[in-house]
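A.B. asks: Just the structure for this:
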Amino acid sequence: MPPDRRPWLLPLLALLYLLPFPYFPALRSPNEGSRLYQVRALVDDHSFAVNAQLRRYGPIGDLAQYEGRLYPNKAPGISILGAAVYAAAKAVVGWDPDRVTNAALLYLLRALCCAIPTLIFLWALRRRLWAWTGGGIAADATIVAYALGSLAYTYGLLFFSHQLCAVLLAGAFLLLETAREEDRLVPAAWAGLCAGGAVLVEYTAALAALPLGLYAVFALRRRLKATLAFGLASLPPQLALLAYHQAAYGSPFETGYRHNVNQQFQAWHSHGFMGVGWPTWNALGGSFFDPEHGMLIFSPFLVMAPLGMWLLFKEPKRRPAAVLLAALTVLYALFTASFVYDAWGWTVGPRHLAPLAAFAALPAGVAVAFLRRRSPLWGGLAAGLCVLSVLVTGLATVTYPHIPDAVFGNAFFEVTLPLLVSGYLPRTVLSFFGAGSWVWALYFAAFLGTTLWLVLAVPGAGAGRPTALVTAVLALALLSVSGKELNPAAKRAQLAFIERTYRSP
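C.D. replies: Below you'll find the predicted structure:
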């Protein structure tokens, strides 16, 4: 059944992705800034090293140093993609780098390297959800929850690698499913290219790329040919990554994380293997349930994913996919439990788990459809979790997507809401053309209208819609009294710093 209803949905989501521009120059975000410098260096200096850009635009963090040359300490994939964007922009203005400001370039990089790939993935994910759920409203409610209420939204609006990595990995899974169902080799080859590209974009993508390769071996009918198609197509980006390591650090197997300029980062990444050691309950619980950054605090709709995996497992034709999704969930849970918990950075949610959010959205949608069919009450509960996800993650993302570590015990109620109540809202894309804060009226009309649709779409009369509202309100009330009690003076000082980043040009 094709997703031919609600034609307004994807264009509305595109508006919500492309309109806001939460950019704070005074923050000098190191994750984005180091890559922005490398994008400019590739085009202006024909070099991966950012030394010249540091002299031109000032210091930035997240750097590695080798033989006097400085590089972002991360995988180079998104910088390479961004260089193509910058080259096109520079060509439009006559090849004058001064006519492409950092603000304008960063918006283009965010939009073309992160937001638009996410929107394309939403289109593909929507088609798969329609096929798996047998009901369009459940699929579309899940699309809204994932698009606006998960790590996809935060890192679809920022020039970080996490969401592009998630799109490539989850896109590889969708392509493998197509190859399995239609017994075709071309989708398997595209899946391999996506999986290899994900590793070029982010090192941790290897955690999912290998299981995806094994899925091609064991789940596709023409195992040998499918595995060859997947494996050979994955090689070019992996070889490009090794060549980058050789050029930058003198060895194909040497990464920037072994040459961090920041000694605190060096200490974190020296722990275990690139920051991954033995799992701890503190890291596992914090990554999923801590009101500061926990994934299921910001995206509670994903709590339905295990139910969806079980439902998929009970269908013989979906069982291989269910096993893979469950295995990926366990792998990412082990990873986040083993990673240095203090190294997540200033984030909304545990940013390295963006691929897990993409994988979990599929079974969560299956669970939403099941609960809707079960009764209006259960359907209302599912809708309430989707509404809560959109409100918490969506508002946190557009207000201030750089929540500091270890200062606020409850990110949403101690950072997001105080800023909103005080009238702090960032730029929009129309700010480049002189538009004022009235643009936010358009944004919130679309945002709140989409959230309201999640409630109105609950099936039947009676308890369904009230249950959705009560679920969201009670969960918000519970969240408001959750979180660790931390230093009040440190909170006030940090909030004052955040407010200064809004006022600074």
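A.B. asks: so who does the residue lying closest to residue 504 once chain neighbours are set aside touch?
C.D. replies: Closest residue in space to residue 504, ignoring its immediate chain neighbours: residue 26 at 3.6 Å, by C-beta to C-beta, 6 or more residues apart in numbering. C-beta: built from backbone N, CA, C; applies to glycine. With contact set as C-beta atoms under 8 Å, 6 or more residues apart in numbering, residue 26 has these partners: 500, 501, 504.
A.B. asks: longest helix of this protein?
C.D. replies: helix 223-249 (DSSP state H).
A.B. asks: Now distance to residue 102, neighbour count and pLDDT too, for the contacts of residue 26, in CSV please.
C.D. replies: Below are those laid out as CSV (distance: C-beta to C-beta, whole Å; neighbours: other C-beta atoms under 10 Å; pLDDT from 0 to 100):
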residue, distance to residue 102, neighbour count, pLDDT
500, 19, 12, 90
501, 15, 18, 89
504, 14, 10, 72
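A.B. asks: Tabulate those in TSV, adding columns for secondary structure.
C.D. replies: TSV is the format used below for the contacts of residue 26 (DSSP: H, G, I helix; E, B strand; the rest coil):
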residue	secondary structure
500	helix
501	helix
504	coil
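A.B. asks: which among the residues you listed gets closest to residue 158?
C.D. replies: Comparing the contacts of residue 26 against residue 158 with C-beta to C-beta places residue 501 closest, at 14.7 Å.
A.B. asks: Okay, angle between the host helix or strand of residue 196 and helix 223-249 too, please.
C.D. replies: For residue 196, the host element (DSSP states H and E) is helix 186-201. In terms of direction (axes from the mean of the first three to the mean of the last three C-alpha atoms, to 10 degrees), helix 186-201 departs from helix 223-249 by 20 degrees.
A.B. asks: hmm, who's touching helix 186-201?
C.D. replies: So helix 186-201 is in contact with 75-78, 80, 161, 164-165, 168-169, 171-173, 175-176, 178-179, 205-206, 208-209, 212-213, 216, 220, 226, 229-238, 240-241, 355, going by C-beta under 8 Å, 6+ apart.
A.B. asks: just the buried members of those?
C.D. replies: 75-78, 80, 161, 164-165, 168-169, 171-173, 175-176, 178-179, 205, 208-209, 212-213, 216, 220, 226, 229-231, 233-234, 237-238, 240-241, 355 (16 or more other C-beta atoms under 10 Å).
A.B. asks: Could you name the helices and strands sitting against the longest helix of the chain?
C.D. replies: strand 63-66, helix 77-92, helix 186-201, helix 206-219 (3 or more C-beta pairs under 8 Å, 6 or more residues apart in numbering; DSSP states H and E).
A.B. asks: CSV for the ones you listed, including mean pLDDT and distance to residue 14?
C.D. replies: Below are the helices and strands packed on helix 223-249 laid out as CSV (pLDDT from 0 to 100; distance: least, C-beta to C-beta, whole Å):
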stretch, mean pLDDT, distance to residue 14
strand 63-66, 94, 34
helix 77-92, 98, 18
helix 186-201, 97, 22
helix 206-219, 94, 27
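A.B. asks: Can you tell me which of these is most buried?
C.D. replies: helix 186-201 (a mean of 25; mean count of other C-beta atoms under 10 Å).
A.B. asks: so how far is that one from its chain's centroid?
C.D. replies: For helix 186-201, the separation from the chain centroid amounts to 18 Å (computed by C-alpha atoms, centre = their mean, to the nearest Å).
A.B. asks: Only alpha carbons, please: show it as CSV.
C.D. replies: Output of helix 186-201 as CSV, limited to C-alpha atoms (Å, rounded to 0.1, in the frame of the first residue of the first chain):
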residue,chain,number,x,y,z
VAL,A,186,21.6,-3.8,-7.1
PRO,A,187,20.0,-2.7,-3.8
ALA,A,188,22.5,-4.9,-2.0
ALA,A,189,25.3,-3.0,-3.7
TRP,A,190,23.8,0.3,-2.8
ALA,A,191,23.5,-0.9,0.7
GLY,A,192,27.2,-1.7,0.8
LEU,A,193,28.1,1.7,-0.5
CYS,A,194,25.9,3.3,2.2
ALA,A,195,27.5,1.2,4.9
GLY,A,196,31.0,1.9,3.8
GLY,A,197,30.2,5.6,3.5
ALA,A,198,28.8,5.6,7.0
VAL,A,199,32.3,4.5,8.3
LEU,A,200,33.9,7.2,6.3
VAL,A,201,31.5,9.7,8.0
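A.B. asks: Quick check: the gap between the nearest residue to residue 155 once chain neighbours are set aside and residue 224.
C.D. replies: With sequence-adjacent residues excluded and distances taken as C-beta to C-beta, 6+ apart, residue 155 is closest to residue 163, at 3.7 Å. Plainly put, residue 163 is 34 Å away from residue 224 if you go by C-beta to C-beta, to the nearest Å.
A.B. asks: Right, I'll call it a day here.
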